Structure formats: C-alpha cells, structure tokens
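Colleague: mind folding the following:
(chains A and B)
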2 protein chains.
Amino acid sequence: MEVRSHCPINFTLEHLGDKWSLLIIRDLMFKGKRHYNEFLEAGEKVSTSVLGDRLKKLEAYGIISRGRDTVKKSRIRYSLTKKGIDLLPILIEMIIWGGEKDLLTETPQEFIDQATQNKEVFIRQIRENLIKDHL
Amino acid sequence: MEVRSHCPINFTLEHLGDKWSLLIIRDLMFKGKRHYNEFLEAGEKVSTSVLGDRLKKLEAYGIISRGRDTVKKSRIRYSLTKKGIDLLPILIEMIIWGGEKDLLTETPQEFIDQATQNKEVFIRQIRENLIKDHL
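Modeller: Residues are numbered from 1 along each chain as shown, chains lettered A, B, ... in the order given. Model prediction:
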C-alpha cells in the first residue's frame, strides 16, 4: 500500500481507512461478532457495499483474516490478526474519550473507571482474551 | 450533533470525521502549527476545500477554537480546546501503532521508546505543554 506520508498518524489513518473500518474492528474486538451478517446488524446501519469493501480492505492490510466457521463450514468467519489486535489501545482511548464527552453514552461507567484507573492491566486482560479467540 | 449511535467509539469517530480532521489535530498537537497556511503545507497535500470544511467542523464540535494571532492581528490563529487536548492519548496510540508497523516510519525510535516505556509521564508532559500553549 502506498501512503501519502510516513508520519505514523497518517500511516495508521490510511490503514484504518474511515469510521466504517473501525466499527468492524470494534465489533470483532468488543462485541464478539465474527460474521458478515452480524456486522450488518450493527446500530450504525452500514450498507452492504461499504461493508464488503471495508472487509476486503482490512484483509488486504493484514488487520483481519478470513477463515471457515468451525460449526458451519460453508460460513466465513472473520478474525483479528496480531496487527489488528494491536489496535486495541487506540480503541480503548476512543472509548474513554467518547464515554466522557457523550452525555448519552451507552458505555457503563464501570468500564470507563476500569479503563482509566487500571489501564495497563485492563488492556492486557482484553488482549489475552483476543489472542485466545482470534489467533 | 446527531450521532448514529451512542457507542463511544462511534461517537468519537463521528466527531473526528475522517483522516483529514485528525491530521489537523496532529499538526496542532505535535507540529506547533496554528495557521491555515501551515495546515495546507502538510505532506499529505490536503485541498483548500477539504481543509476549510474540516476546520469548520472541528470548531463546531468544540475540538478547536479560532482566535486572533497575537503578532499579526488580522491573522486567524487556531487552538485546541480542552476537548481537543483530551484526544492526545488516541493520537499517541496511533503514533505507536504506525511507528511499529511502518518499516519506513519517520518517527524517531526514541519517541516510540518513551511513549511505550513511560507512557503515563510522557503523555502528562505533552498535555501540560498543550494546556500552556492552547488554553
């Protein structure tokens, strides 16, 4: 992938693409979603064409991978790669910012408290679970 | 602003808008840029129409503010607000991810080392400087 600059923030942004890519990563990371139809059902109402495009891009960038479902073999199951799991701290910081600024946030206060007061341990625990489930 | 969902990640993403907004925040946070022309000169070659639009949106969302330049009064100077400075940990995590994944990264290894090994102190120092310069 050719990037516009090798500033690390730009590099990260070009790989994340836009908010739709990050919402897929959110669903994989925090909502246990692994299948196309589950991503489609998210509250933000992504269109099928955008969803298909972002899944392809995330796979091409090595952030997610495609595999067969263990139960229903004909079904595609998406996983986060190591590179995808490494995005966890960015998403945690987004949860903290959004949770603090949005008066109508759906984030439980307990999550914010844990994420802010004991950040390192909190992130390590989520990361270990993701490694177990996805890699 | 009406958001598609009150998921904190979606809320944050809708406020950040797209990568162009985040590159403006990067320039304000880490490059000491405060003026329209300086944002325009960034390596990613933003167009004037996109730049004008994103500056307006970031101001409307309360992430940046407009003021008069202290030296040349006719010139507009942009500042980060408290809400904007609070985005710092998200950008630091993006620097770490991009700096680690991009073989051609322009980020000095020293920055990555400091940001990862002594994160809390590192972020606090940058935050204090931003508060002094912007608020």
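
Colleague: now do the contacts for A:A60.
Modeller: A:M1 (CB atoms under 8 Å, 6 or more residues apart in numbering or on different chains). C-betas here are computed from N, CA, C, even on glycine.

Colleague: got it, and A:F30?
Modeller: Taking CB under 8 Å, 6+ apart, one finds A:L91 in contact with A:F30.

Colleague: can you give me the strands in chain A?
Modeller: A:64-68, A:76-80 (DSSP state E).

Colleague: do you know which of those lies nearest A:W97?
Modeller: strand A:76-80 (21.7 Å; CB to CB).

Colleague: pull the distance from the closest one to the chain's centre.
Modeller: Relative to its parent chain, strand A:76-80 has a centroid offset of 12 Å by CA atoms, centre = their mean, to the nearest Å.

Colleague: hmm, that strand in reach of chain B?
Modeller: No. Strand A:76-80 is not in contact with chain B by CB under 8 Å from any CB of the partner chain; minimum separation 13.4 Å.

Colleague: quick one: mean pLDDT over that strand.
Modeller: Mean pLDDT, strand A:76-80: 96.

Colleague: tell me which residues of that strand are tucked away?
Modeller: With burial defined by 16 or more other CB atoms under 10 Å in any protein chain shown, the residues of strand A:76-80 counted as buried are A:78-80.

Colleague: and for stretch A:60-76?
Modeller: With burial defined by 16+ other CB under 10 Å, the residues of stretch A:60-76 counted as buried are A:61, A:63-65.

Colleague: ok, residues contacting the helix ranked longest in chain A?
Modeller: For chain A, the helix that runs over the most residues, judged by DSSP state H, is helix A:119-134. Helix A:119-134 is contacted by residues A:28-29, A:79-81, A:84-85, A:88-89, A:92, A:114-115 when judged by CB under 8 Å, 6+ apart.
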